[in-house]
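> sequence unavailable; structure follows:
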């Protein structure tokens, strides 16, 4: 890392840069480089905007109570209802924002779950090796062999048959996505640890006779964090997409809880699909904008935190 | 190499056996079956039918019967269609393959061309636009873009048919038939190509950028070769070679169909068959399909590893 910094500084302003570099830590240095990437900053701004609008927006909406109003049934967009009304006369814009709350929460939570699960199992497998490694990696192989979409569909069907109340379904969808998501993550983390443990600084910790716990938490883990941050960020986008697919097919979060995915379900109705695009295009575009922004931001993060991988 | 293959193959078989048990148990766990969905039957008749189909036996016994038959190439009868599962697969799989093979070819072709140009002109406006489009393509929800294109091209402009493989009631043959199928597959192929394009273009772009920095490219330029020759003979070949390891990963996509795209476009492929059978709880078919995908995935991974070695003899297996 220090070598790379030296190269970046270049010959001209070497003195000034070196002073700055001496003061800054790796993290503030990374932050500075991230801020230089305008596209990534823009992506981050859009993500923050989506979160802010979805979580705060409904509070300022006069239609947040979702009152059924048959007089406004399926009305096209107007000055009062910017995105029109749905089949029950509810304001579509408010519904989209409320759906965003659920979709973003599911994406975020399932990311946290799969990073915790995959990260922990990957660390155990890579650091302790032996029987634990064998068991964890064989289970991961097994889960990676079965395609994830059928796996998710089966889980979704189980939910429907067990009559899980709609309020709880979203939590189970988070768990489902985490179960499908952890094996790939564990594999990546394990690979990273296998290469880190051969490095000189890890050999030094052995020579110093450090305890296993200190080696793991003070020396190995900090080197893993950049990778985990990058994976976690990109993972949110993937989770939002998976949730929308499941909910679209009625196997994820189901109405009355709105999500972007199950709102697009309106397109399964021929008349709504052809004549009332305001019912299903706004949630689709919301998914698209959010996921693009997350991917752009995540890619910028990767450039900064993990310079060797990808471009 | 041969010991590696033997070790690898035996591991593959073990993983597939474990996967088959997991798949079987998952479907067996799913409440409701083909018979309970039929409201015309009396409870006595239902019990009788369950006895006939062996659904009342314990899980392990049912699994062993199913697996034993599967090893003989018999995946049972579809409950809904009363035909052998493999026969039905054979009817649908080639429709899926047609979509997949065309879109895979297009994806690879476009990805190579755009990726190479973008890499050569790194940081130009063309490159920036390509990167933005790549991010876009990687972030589209597949079902939404499908619906969106149907709405624009089929519903609003009537340029292309909204779905299916042939026009309903049409009995065209020969060239007319081919033309009809091509018109019907335009939209699904476009969506599948777009969805695959993002990551692949990115892959070729970054490969090409790496290669262009190599010493042998500098040498080629120093020798005074034309830029065209440097680019196409020296750089391109080396940038393309690693991609053959990706061929293996395409295997499940080539024969496994696409659950989402085929459902949206009502394409009579194996993916749509799965989605329909799912609603009917036609277990033999569902299990057969999932197992089929698992086998393809495992074979694809093995193929990739072997091709990796072919591409780069320094890699030890």
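Happy to help now that I have it. These numbers were taken from a predicted model, which means no experiment stands behind them. Residues are numbered from 1 along each chain as shown, chains lettered A, B, ... in the order given.
> any low-confidence regions in the chain?
All of this is about chain A. Along chain A, segments meeting pLDDT under 70 span A:1-24, A:64, A:70-72, A:89, A:306-311.
> to clarify, I was referring to chain B.
Using pLDDT under 70 as the threshold, the predicted model of chain B has low-confidence ranges B:1, B:31-34, B:36-39, B:54, B:315-317.
> which helix or strand contains the residue nearest the centre of it?
Geometric centre of chain B, nearest residue: residue B:253, 1.2 Å, by CA atoms, centre = their mean. Residue B:253 is located in helix B:244-256, with elements delineated by DSSP states H and E.
> same check, this time on residue A:288
With elements delineated by DSSP H and E, residue A:288 resides in helix A:281-305, which encompasses its position.
> list the buried residues for that helix?
Using 16 or more other CB atoms under 10 Å in any protein chain shown as the burial criterion, the residues of helix A:281-305 that qualify are A:281-284, A:286-288, A:290-305. Bear in mind the C-beta positions are built from the backbone N, C-alpha and C, glycine included.
> what about residue B:311, neighbour count?
For residue B:311, the tally of surrounding residues (other CB atoms under 10 Å in any protein chain shown) stands at 14.
> hang on, I meant residue A:139
Neighbour count for residue A:139, taken as other CB under 10 Å: 15.
> which residues of the stretch 151-300 of chain B lie near chain A?
Residues of the stretch 151-300 of chain B lying close to chain A by CB under 8 Å from any CB of the partner chain are B:151, B:155, B:202, B:205-206, B:209, B:252, B:256, B:259-260, B:263, B:274-275, B:278, B:286, B:289-290, B:293-294, B:297-298.
> got a quick ChimeraX command for the buried subset of these?
In ChimeraX, selecting the buried portion of these, with burial taken from 16+ other CB under 10 Å, looks like this:
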select /B:151,202,205,206,209,252,256,259,260,263,274,278,286,289,290,293,294,297,298
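> sec struct for residue A:82, please.
coil (DSSP: H, G, I helix; E, B strand; the rest coil).
> I misspoke; the intended subject was residue B:57.
Applying three-state DSSP to residue B:57 yields a three-state assignment of coil.
> for it, give its distance to residue B:64.
Shown here: residue B:57 relative to residue B:64, a distance of 10 Å by CB to CB, to the nearest Å.
> if we can go back for a sec, of the buried residues of helix A:281-305, list those near chain B.
Intersecting those with the surroundings of chain B, defined as CB under 8 Å from any CB, gives A:281, A:284, A:287-288, A:291-292, A:294-296, A:299.
> tell me the two of those that are most distant?
Set against one another by CB to CB, these have their most distant pair in A:281 and A:299, with a gap of 26.6 Å.
> is it fair to say residue B:162 lies in a helix?
No. Read with three-state DSSP, residue B:162 is coil and lies in no helix.
> from residue B:28, how far out is the nearest residue to it once chain neighbours are set aside?
If the residues on either side of it in the chain are set aside, residue B:162 comes closest to residue B:154, at 3.7 Å by CB to CB, 6 or more residues apart in numbering or on different chains. Taken as CB to CB, the spacing of residue B:154 relative to residue B:28 amounts to 40 Å.
> swap in residue B:188?
In this view, residue B:188 and residue B:28 are 33 Å apart by CB to CB.
> tell me which of these two has more neighbours.
With other CB under 10 Å as the criterion, residue B:188 and residue B:28 differ in neighbour count, and residue B:188 comes out ahead with 25 against 15.
> does the more buried one really touch residue B:99, like I thought?
Yes. Taking CB atoms under 8 Å as the definition, residue B:188 is a contact partner of residue B:99 at 5.7 Å.
> return the set of buried residues in the helix ranked longest in chain B.
Ranked by residue count and defined by DSSP state H, the top helix of chain B is helix B:174-212. If you call a residue buried by 16+ other CB under 10 Å, then helix B:174-212 has these buried ones: B:180-181, B:184-198, B:200-209, B:211-212.
> helix, strand, or coil at residue A:65?
Three-state assignment for residue A:65 (three-state DSSP): coil.
> burial of it, as a residue count?
Residues near residue A:65, counting by other CB under 10 Å: 11.
> mind checking how far it is from residue B:70?
If you measure residue A:65 against residue B:70 using CB to CB, the figure is 55 Å.
> what's residue 222 sitting at in phi/psi?
I went with chain A, as the question did not name one. The phi/psi pair for residue A:222 (degrees, to the nearest 10) reads phi -60, psi -30.
> and the residue nearest the centre of chain A, how far from residue A:223?
If you average the C-alpha coordinates of chain A and look for the closest C-alpha using CA atoms, centre = their mean, you land on residue A:236, 0.7 Å from that point. In this structure, residue A:236 and residue A:223 are separated by 23 Å, where distance is defined by CB to CB.
> which stretches in the chain count as helices?
Because you didn't say which chain, this covers chain A. A:2-9, A:14-23, A:26-36, A:38-60, A:92-128, A:130-145, A:148-161, A:166-196, A:200-207, A:212-214, A:221-248, A:260-264, A:270-275, A:281-305.
> not quite, I wanted chain B
All helices of chain B, identified by DSSP H, fall at B:2-29, B:43-53, B:59-71, B:85-120, B:125-139, B:142-149, B:174-212, B:215-222, B:227-229, B:236-240, B:244-256, B:259-264, B:270-280, B:283-311.
> quick one: closest of the ones you listed to residue A:192.
Each of the helices of chain B has some distance to residue A:192 by CB to CB; the shortest is helix B:174-212, at 19.2 Å.
> coming back round to it: check which helices and strands the helix holding residue A:288 is in contact with.
Helix A:281-305 makes packing contacts with helix A:26-36, helix A:38-60, helix A:92-128, helix A:221-248, helix A:260-264, helix B:125-139, helix B:142-149 when contacts are defined by 3 or more CB pairs under 8 Å, 6 or more residues apart in numbering or on different chains; DSSP states H and E.
> which elements pack onto the third one?
With contacts defined as 3+ CB pairs under 8 Å, 6+ apart, the packing partners of helix A:92-128 are helix A:38-60, helix A:130-145, helix A:166-196, helix A:221-248, helix A:260-264, helix A:281-305.
> next one: the fourth one
Packing contacts for helix A:221-248, counted by 3+ CB pairs under 8 Å, 6+ apart, involve helix A:92-128, helix A:148-161, helix A:166-196, helix A:260-264, helix A:281-305, helix B:142-149.
> how about the fifth one?
Using 3+ CB pairs under 8 Å, 6+ apart as the contact definition, the elements that helix A:260-264 packs against are helix A:92-128, helix A:221-248, helix A:281-305, helix B:142-149.
> let's have the ones you listed in a markdown table, adding distance to residue B:117.
Shown next, in a markdown table, are the helices and strands packed on helix A:260-264 (distance: least, CB to CB, whole Å):
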| stretch | distance to residue B:117 |
| --- | --- |
| helix A:92-128 | 34 |
| helix A:221-248 | 26 |
| helix A:281-305 | 20 |
| helix B:142-149 | 25 |
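> residue A:183 is nearest to which of those helices?
Nearest to residue A:183 among the helices and strands packed on helix A:260-264 is helix A:92-128; the distance by CB to CB comes to 7.2 Å.
> pull up the gap between the closest residue in space to residue B:112 that isn't next to it in sequence and residue B:238, please.
For residue B:112, the nearest residue in space outside its immediate sequence neighbours is residue B:204; the separation is 5.5 Å by CB to CB, 6+ apart. With distances defined as CB to CB, the gap from residue B:204 to residue B:238 amounts to 12 Å.
> in the stretch 101-250 of chain A, what residue is nearest chain B?
In the stretch 101-250 of chain A, no residue comes nearer to chain B than residue A:161, which is 4.0 Å away by CB to the nearest CB.
> that residue: neighbour count?
Using other CB under 10 Å, residue A:161 has 13 neighbouring residues.
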